[in-house]
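1. Sequence isn't available, so here's the structure alone:
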């Protein structure tokens with residue numbers, strides 16, 4: 001990546017810029033900000049964006065230390081309420097994580113936790129500073145049936161995904177379980193990413209594992225290099241539309257978890273996690289964190305900063321971050337007018353935005369993934385069935401109808417946004 005390459009951040013709304021400033025600045029810098037910086041802010045929108053990006057605990061932990069006069073008291077109070085709620089949630093997750101680890105281990109199933117409380121404690125030193133929707137667990141595929149039986153007997157219910165077409169089920173790589181009483185969701189993975197992505201074997205990851213100091217019963221998670229690369233792959237796959245994922249990378253770099261001596265290890269294993277796009281996606285990540293969160297990219301990380309494609313992908317991700325935030329706000333009951341005006345709600349705008357997002361998702365794929373993606377476009381999907389239900393003998397009609405069904409979904413999506 002060209003060291004002089006800079007991203008165009010001019011379209012980022014002011015409320016999102018405030019979030020980024022709070023996440024990136026230290027407390028002394030925040031305290032020195034004058035009231036003008038906090039003037040003309042839609043604080044309801046600010047709170048909604050903090051929720052969407054899953055960074056409320058991080059924002060609150062910084063704001064409570066400065067108590068700036070430019071920030072309304074109700075904003076801090078709302079953040080505090082959500083912070084406490086998340087703390088109890090993460091404590092509950094920690095207890096369930098330990099129970100599941102014990103259950104699987106005692107039944108001879110090796111497991112690695114991909115995210116959740118172990119990552120929060122490892123990166124932030126405090127489980128209350130990171131949010132987590134579910135517990136992601138990696139096991140060997142041969143243990144999947146046994147793991148499912150254990151979870152079902154433990155009170156979990158398997159989430160059934162409606163899929164009217166079996167042709168692409170070979171690309172599945174995880175299954176979801178939910179505990180109705182505990183309100184805990186668990187995703188069991190047997191691959192880090194769906195085929196045909198090249199991934200490290202379970203044994204390789206197990207040999208590089210770490211044990212978390214968070215619990216009394218042993219809980220294992222990724223080695224630092226594997227975690228760094230996995231988080232990059234996960235964030236890039238989703239267009240980095242939640243700032244929480246960039247905050248994780250920022251923490252890893254600022255904490256010196258990945259140091260100069262680790263570069264050789266990173267180069268050795270990065271293709272296993274990121275495929276043929278390894279250098280590009282790492283470069284994209286470093287450019288995003290340094291541009292948005294002012295992450296200091298130390299000299300030892302410079303070999304990972306490569307070529308212009310990283311810059312182009314990073315710019316597309318900026319659009320993705322803004323657009324997904326916009327979609328979240330539009331879907332909320334108390335949609336903010338300021339943010340609604342930020343983009344046109346016309347069908348044309350919706351189609352253009354959809355094209356840019358799909359362009360990004362296509363760009364990060366390897367050549368083989370792109371080939372499969374194009375082939376899938378030629379076949380009907382479950383979304384087509386939900387849009388227009390046909391009897392199975394007439395499923396062949398979905399093939400010529402697919403472009404029209406896709407267009408109809410986009411129109412309906414725009415209409416729904418306008419109504420709300």
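-> Great, that's in hand. A quick note: this is a predicted structure, and the numbers were derived from the prediction, not measured.

2. which stretches of the stretch 251-400 of the chain have low pLDDT?
-> 259-276, 300-307, 331-353, 376-379, 396, 398 (pLDDT under 70).

3. Can you give me the buried ones in the longest helix that the chain contains?
-> If each helix of the chain is counted by residues according to DSSP state H, the longest one is helix 73-106. Buried residues in helix 73-106, counted by 16 or more other C-beta atoms under 10 Å: 75-76, 78-79, 82-83, 86, 89-90, 93-94, 96-98, 100-101, 103-104. Using the backbone N, CA and C atoms, a C-beta is placed for each residue, glycine as well.

4. Would you mind pulling up the elements that that helix packs against?
-> helix 43-52, helix 56-66, helix 117-124, strand 135-138, helix 144-153, strand 184-189 (3 or more C-beta pairs under 8 Å, 6 or more residues apart in numbering; DSSP states H and E).

5. Rebuild those as TSV, extending it with distance to residue 408.
-> Shown next, in TSV, are the helices and strands packed on helix 73-106 (distance: least, C-beta to C-beta, whole Å):
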stretch	distance to residue 408
helix 43-52	27
helix 56-66	37
helix 117-124	40
strand 135-138	34
helix 144-153	37
strand 184-189	32
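
6. Figure out which of the ones you listed is closest to residue 409.
-> Set against residue 409 and scored by C-beta to C-beta, these come closest in helix 43-52, at 22.4 Å.

7. Tell me the spacing between the spatially most central residue of the chain and residue 363.
-> Compute the mean C-alpha point of the chain, and by C-alpha atoms, centre = their mean the closest residue is residue 235, 4.9 Å away. According to C-beta to C-beta, to the nearest Å, residue 235 and residue 363 sit 15 Å apart.

8. returning to that earlier point: I'd like the next helix or strand past the longest helix of the chain.
-> strand 112-113 (DSSP states H and E).

9. Tell me where the model's unsure across the stretch 51-200 of the chain.
-> In the stretch 51-200 of the chain, residues with pLDDT under 70: 161-171.

10. need the contact list for the residue of the chain positioned farthest from its centre.
-> Distance from the C-alpha centroid of the chain peaks at residue 393, with 39.1 Å (C-alpha atoms, centre = their mean). Contacts for residue 393 (C-beta atoms under 8 Å, 6 or more residues apart in numbering) come out as none.

11. Surely it forms part of a strand?
-> No: Residue 393 is assigned helix when assessed by DSSP: H, G, I helix; E, B strand; the rest coil, not a strand.

12. How much space separates it from residue 384?
-> When residue 393 is compared with residue 384 (using C-beta to C-beta), they lie 16 Å apart.

13. Quick check: the residue nearest to the centre of the chain vs residue 70, distance?
-> 31 Å.

14. and if you look at residue 121?
-> Taken as C-beta to C-beta, the span from residue 121 to residue 70 is 33 Å.

15. now residue 374
-> 51 Å.

16. again with residue 38
-> Residue 38 sits 3 Å away from residue 70, going by C-beta to C-beta.

17. Give me the more crowded residue out of these two.
-> The residue with more neighbours, out of residue 38 and residue 70, is residue 38; 17 against 12, by other C-beta atoms under 10 Å.

18. got the contact list for the more buried one?
-> 18, 68, 70, 71.

19. and what of residue 281?
-> Going by C-beta under 8 Å, 6+ apart, residue 281 touches 232, 233, 236, 274, 310, 313, 364.

20. Check residue 211 too.
-> 218, 219, 220.

21. what's the answer for residue 146, then?
-> If you count contacts by C-beta under 8 Å, 6+ apart, residue 146 has them with 107, 109.

22. same thing but at 6 Å, please
-> Residue 146 makes contact with no residue under the criterion C-beta atoms under 6 Å, 6 or more residues apart in numbering.

23. ditto for the one 5 residues further on
-> Neighbouring residues of residue 151 by C-beta under 6 Å, 6+ apart: residue 177.

24. Out of the contacts of residue 281, which comes closest to residue 108?
-> residue 233 (29.1 Å).

25. what's the burial count for that closest one?
-> What residue 233 shows, counting by other C-beta under 10 Å, is a neighbour count of 25.

26. Just the element for it, please.
-> In this structure, residue 233 sits in helix 224-237 according to DSSP H and E.

27. what's the next secondary structure element after that helix?
-> Once helix 224-237 ends, the next helix or strand along the chain (criterion: DSSP H and E) is helix 243-254.

28. for the stretch 301-420 of the chain, what spans make up the helices?
-> 308-331, 337-340, 347-363, 367-377, 382-387, 398-419 (DSSP state H, counting those that start in this stretch).

29. sorry, back to before: need the contacts of residue 281 in JSON lines with distance to residue 48, can you?
-> Putting these into JSON lines (distance: C-beta to C-beta, whole Å) gives the following:
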{"residue": "232", "distance to residue 48": "27"}
{"residue": "233", "distance to residue 48": "28"}
{"residue": "236", "distance to residue 48": "25"}
{"residue": "274", "distance to residue 48": "32"}
{"residue": "310", "distance to residue 48": "30"}
{"residue": "313", "distance to residue 48": "27"}
{"residue": "364", "distance to residue 48": "28"}
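
30. and the two most separated of these?
-> For those, the farthest-apart pair by C-beta to C-beta is 233 and 310; their separation is 14.7 Å.

31. Lovely, talk soon.
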